[in-house]
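> attaching a predicted model along with its sequence, questions to come.
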Amino acid sequence: MGHIKYASDVGAPVEVAFTYTDTPMFVPEWMVGVATFEPTDDPGDESGAVYAATLRLGVWHPTVECEITQYRPNAVIGYTLRRRRSGKAAPADSDPARTPAAWGTMTLHFDPLGYGRTVLTSEIDYPEAHRLPGRMCAPMVASTLRWMLRRTESQLRRAIEEFHGTDLVGRIA
């Protein structure tokens, strides 16, 4: 598995940062490459909730299922992207043997840094290629994912601070 990790501080309390990130309608605003993020069944915020995410990858706009696989209020949210089945996305409690393979997992950790500050740690775990053509493209894929995670983290940090009403150094805007 490939692994990429970034950490930054956010000028907002953990509760505010988590609440903003936990709101599905805001996901396209901060997650790079996501055009839409809509619930597939009964909308829920906890582990097991499944969303249909339409990605923007150049001229290709696939719709994939995105499941919340980790959820601890005010601490962790983990999103797992899976290939979309024909028809509609699989429910979270579907048979694991028939569940589509994961494209990767993005995990966001929220830790208090002090009064009104949060440490946001963003991580991506993704499967590495095993065949020759995939291994030849691996450095480009890793570089692209590093850029996407860094950009996502940066956009999320700015959006949380705007949502909270503080600027980049935590002052009231």
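That came in fine, so what should we check first?

> for residue 75, what are its contacts?
Neighbour list for residue 75: 14, 18, 109, 110, 111 [criterion: CB atoms under 8 Å, 6 or more residues apart in numbering]. C-beta here means a position set from N, CA and C on the backbone, and glycine is covered the same way.

> just say helix, strand or coil for the third one.
Look at residue 109: counting by DSSP: H, G, I helix; E, B strand; the rest coil, its state is strand.

> in space, what's closest to it - neighbours in sequence excluded?
residue 121 (4.1 Å; CB to CB, 6 or more residues apart in numbering).

> buried ones in the biggest helix by length in the chain?
Counting residues, the longest helix in the chain under DSSP state H turns out to be helix 132-164. Buried residues in helix 132-164, counted by 16 or more other CB atoms under 10 Å: 142, 145, 148-149, 152-153, 156-161, 163-164.

> likewise stretch 15-33?
For stretch 15-33, the neighbour count (16+ other CB under 10 Å) marks 16-22, 24, 26-32 as buried.

> could I get the full set of strands for the protein?
For the chain, the strands defined by DSSP state E cover 2-10, 34-39, 50-55, 63-72, 76-82, 102-114, 117-126.

> ok, and what's touching the longest one?
I take that to be strand 102-114. 9, 13-14, 17-18, 21, 31, 64, 69-70, 74-83, 118-127, 145, 149, 152, 156.

> sheet partners, orientation included, of that strand?
Strands adjacent to strand 102-114 in the sheet, as given by DSSP bridges, are strand 76-82 (antiparallel), strand 117-126 (antiparallel).

> thinking again about what came up before, among the buried residues of helix 132-164, which pair sits farthest apart?
142 and 164 (32.7 Å; CB to CB).

> thinking again about what came up before, do you know how far the residue nearest to residue 109 is from residue 129?
According to CB to CB, to the nearest Å, residue 121 and residue 129 sit 26 Å apart.

> what's the answer for residue 108, then?
In terms of CB to CB, residue 108 sits 26 Å off from residue 129.

> residue 138 versus the residue located most distally from the centre of the chain, what's the distance?
Relative to the centre of the chain, the most outlying C-alpha is that of residue 132, 28.8 Å out, by CA atoms, centre = their mean. Note on residue 132: its distance to residue 138, by CB to CB, is 11 Å.
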